[in-house]
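fold the following.
(3 chains)
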Amino acid sequence: MGEVVVLEIVRDHIHRLADHGKRIDGRGFDEVRPISIEKGLIGTAEGSARVKLGKTDVLVGVKVDIGEPFSDRPKDGVLLTGAELKPMASPEFEPGPPRPNAIELARVVDRGIRESKMFALEKLCIDPGKKVWMVFVDVQVIDFDGNLFDASSMAALAALTTTTVNASKFDQGEDFPLPIDHYPASCTIVKIGDVLMVDPSLQEEQVANARLTVSMDEASNIRAMQKGFKGAFTYDELMECMKKVQVITKDIRKKVLG
Amino acid sequence: MEKDSKDDGIEGRELREIVVPGDVLAADDALKSGVGTYKEKEKIYAAQLGVKSVRAGYVNVVPLSGKYMPRSGDSVIGTIIDIGATNWLVDINAPYPAPLHVNEVPWKVEFGDTSHYLRVGDAILVKVLNVDETKRIQVTMKEHGLRRLTGGQIVEVASSKVPRVIGRNGSMISLLKDYTGCRIFVGQNGRIWVDGEIEGIVSVILAIQKIEEEAQVMGLTDSIKEFLEGMSEKKS
Amino acid sequence: MRRNLNYGFLLGGMNMDEKKLINEKNIRLDGRKLGELRPIKIEAGVLNRADGSAYIEWGGNKVLAAVYGPIEAKPRHIQNPTKAIIDCRYNMAAFSVGERKRPGPGRRSIEISKVMSEALEYVVFTEKFPRAKIDVYIEVLQASAGTRCAGLTAASVALADAGIPMIDLLPACAVGKVEGQVVLDLDKEEDNFGEADIPLSVVPRTNEIVLLQMDGQLTIKEFEKCMEMGMNACKDIYELQKAALKERYAVFTEE
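Here you go, the predicted model:
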């Protein structure tokens, strides 16, 4: 548990496959694993979605409540994103409070939503400085086979677009759908040797030199990024990544919203 | 639970009754309580999810799932997960890791010199020497053919599926080797090493995945043969 | 596998005054009879990474159970040299209840986890795995009264799916008292406004009771009635557990 030992043989095999233009599960370098989406499956949540990305399985639930705004933004609603890497999902995950990986996941998903201005927080004000709508996005990983960033971002997008603010429960007028303005989608790319591969599986993540996650809005503006792992990208590789992300996020967005 | 269950209790049988823990397997003295069963008040019950199998007066449950439990004599593929001054710690896909002592390798290793021979992340072919009552496991690398593995690829299947990957008298493995020209070693612990041309390795691994998915289906050998033929046609 | 089960016959014609949760015809708010379970659906082997798993929908409850192990227990000082430890962790997702639940285990979750671990330990042949640990994770995704019983019911299916040797599966359900009447499988309203609630779990083959809690107020006579109703219901839940496992593995045997 904890630190994972990766077999040298497996590492070499993945590199050799890459040299031959292949991936360990037979996919093309720019091919995303099959995506399946189930929306609104959690009745106790105001919005929810479960996304399966290959064998990775993520559930996002959205809860809406009334609370006090942050003092520096008295007219804005509050968005809070949390993620838990539950030991149910993988033997590598340990019980206990969120560790750096879980916190990074939550913050990357949060930035995709927040920076794309997915929904205008100022529209979620009830009484400036006193009462605003608070939107809690909770990511629960059910099964882990790599690329949690994209699976979680998809689930968050799907859950938020189906969220109904339960205003009547709080005597705040009629229920209304969360006012969505933009539709962010993310794409994660890893570098293995000199090859760039989208949507890495767990085995690919384990041997990758570097990882890049890019979140784009529907106009292909870049809204958030996160580079990970201990290796580096060249300038040219980054530009190549952007081209890939532009194509793939369009595809993902269509699948999630469709 | 005294009888060996390594022989394939599934292959070629018509009647395959799936039993779950607590199911009654026998209610009289005609049968003895075998592997995966327990006896209470003259009745024999299933202790495990599996297929009921009657052999030589014993009623057994051949498991359909569960972790690999090592037995002395098993040949397995291990991974070095830690190194000490006089031993290596080997993960053999069992609940318990197994120490490999410097006396059990084919080299003369000076005290503290262990990491020059085997490193964390290396794969090795070892034999289980002994498993004691508290499940402490000893493995050796000293017999002929036991060695560090290099090249190729290693995949894992559930240990309950190992007999199917091997096939009756090794028929499935022979099939895979014949069609792909690969070298293949199947560890009792469900780890499989495949080496050869990259195309061949890819075909074998896909075939193994298919065997694992369809392990309980009849006519598996024919279906895998067809699959391998399809793969080689695609290539040419 | 969805079934409604009926134990109304056990109670005979109890005649009560006009009440809120149970009407004059002894029909409950959700249309059930006094001795009737909510619909239950169990599925085995639903997760990829876990060694064993199960999913249960029980009324408005949606619960996943995952099993990892046996695996050598760490740190070493928690090992038992003669048997495996069962470590069950029950958790409710933040969005599983009306008002968002703060992540992390509270006192309630810790207590439930403890009694569940003890119940499961009774049915597992723990002596087969000295020094080891078997982890059972129960995640409540949607809660609507009776989550610990749904969770325990799923947990033993997940253990069997993981190939863990056991004497039997372990069904569980709640019984209680609502408006003076003994009822089976309390829903949320009944749980909130009823007079007593007893979650219980029974080894079906031997009728041994391995989980039992109670809060509220009951006469001994009522308790007797509760136990009779609950133990019988466990037998029916047991059939659903067995069917889920056999269905999961049956697909492999069909030609």
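
excluding chain neighbours, what is closest to B:D122?
B:I80 (4.6 Å; CB to CB, 6 or more residues apart in numbering or on different chains). From N, CA and C alone the C-beta is placed, and that goes for glycine too.

can you list the weak-confidence ranges in the stretch 151-255 of chain C?
C:251-255 (pLDDT under 70).

any idea which helix or strand carries the residue nearest to B:D122?
In the assignment (DSSP states H and E), B:I80 maps to strand B:75-83.

again with A:D110
Taking DSSP H and E as the definition, one finds A:D110 inside helix A:100-115.

who's in contact with the helix or strand just after that helix?
Next helix or strand after helix A:100-115 toward the C-terminus (DSSP H and E): strand A:125-127. By CB atoms under 8 Å, 6 or more residues apart in numbering or on different chains, the surrounding residues in contact with strand A:125-127 are A:I66, A:P69, A:K75, A:D76, A:G77, A:V132, A:W133, A:Q172.

okay, the residues you listed in CSV with neighbour count and pLDDT next?
Below are these laid out as CSV (neighbours: other CB atoms under 10 Å in any protein chain shown; pLDDT from 0 to 100):
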residue, neighbour count, pLDDT
A:I66, 19, 96
A:P69, 23, 96
A:K75, 13, 95
A:D76, 18, 96
A:G77, 24, 96
A:V132, 24, 97
A:W133, 24, 97
A:Q172, 15, 95
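
cross those residues against helices and list the overlap.
Nothing among the contacts of strand A:125-127 maps onto helices, per DSSP state H.

wait, which of those is closest to chain B?
A:W133 (46.9 Å; CB to the nearest CB).

contact partners for B:L146?
Counting by CB under 8 Å, 6+ apart, B:L146 has contacts B:S75, B:P106, B:I124, B:L125, B:V126, B:K127, B:T140.

same check on C:E118?
By CB under 8 Å, 6+ apart, C:E118 lies in contact with C:V210, C:L211.

sorry, back to before: return a PyMOL selection command for the buried portion of the contacts of B:L146.
Selecting only the buried entries of those in PyMOL, with 16 or more other CB atoms under 10 Å in any protein chain shown as the criterion:
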select buried, chain B and resi 75+124+125+126+127+140
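
now, among the contacts of B:L146, which is nearest to chain C?
B:V126 (17.9 Å).

let's have the contacts of strand A:125-127 in CSV, adding distance to A:K230.
Output for the contacts of strand A:125-127, formatted as CSV (distance: CB to CB, whole Å):
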residue, distance to A:K230
A:I66, 44
A:P69, 40
A:K75, 42
A:D76, 37
A:G77, 38
A:V132, 41
A:W133, 41
A:Q172, 49
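
can you report how many residues neighbour the closest residue to B:G22 other than its chain neighbours?
Among residues not flanking B:G22 along the chain, C:D168 sits closest, at 3.5 Å (CB to CB, 6+ apart). Residues within reach of C:D168, counting by other CB atoms under 10 Å in any protein chain shown, total 24.

next one: the one 10 residues further on
The local packing of C:V178 (other CB under 10 Å) involves 25 other residues.

what is it paired to in the beta sheet?
With DSSP bridges as the criterion, C:V178 is bridged to C:Q181.

do A:D138 as well
A:G61, A:G82.

domains in chain B, by residue range?
B:18-63, B:75-149, B:153-235 (automatic domain parsing).

and among those domains, the most buried is which?
domain B:18-63 (a mean of 20; mean count of other CB atoms under 10 Å in any protein chain shown).

chain center to it, what's the gap?
23 Å (CA atoms, centre = their mean, to the nearest Å).

need the distance between the two termini of it.
One end of domain B:18-63 sits 10 Å from the other (CA to CA, to the nearest Å).

where's the residue nearest to B:D122 relative to B:V155, distance?
18 Å (CB to CB, to the nearest Å).

just the contacts of B:L146 now: which is nearest chain A?
The closest of the contacts of B:L146, once distances to chain A are taken by CB to the nearest CB, is B:I124, at 10.6 Å.

doesn't B:G78 make contact with that closest one?
Yes - checked against CB atoms under 8 Å, the pair B:I124 and B:G78 is within contact range at 5.1 Å.

so which elements touch the strand holding B:I80?
Here strand B:75-83 touches strand B:87-91, strand B:123-131, strand B:191-195, going by 3 or more CB pairs under 8 Å, 6 or more residues apart in numbering or on different chains; DSSP states H and E.

which one of those strands lies closest to chain A?
strand B:123-131 (5.2 Å).

ok and that closest one relative to strand B:75-83, angle-wise?
100 degrees (axes from the mean of the first three to the mean of the last three CA atoms, to 10 degrees).
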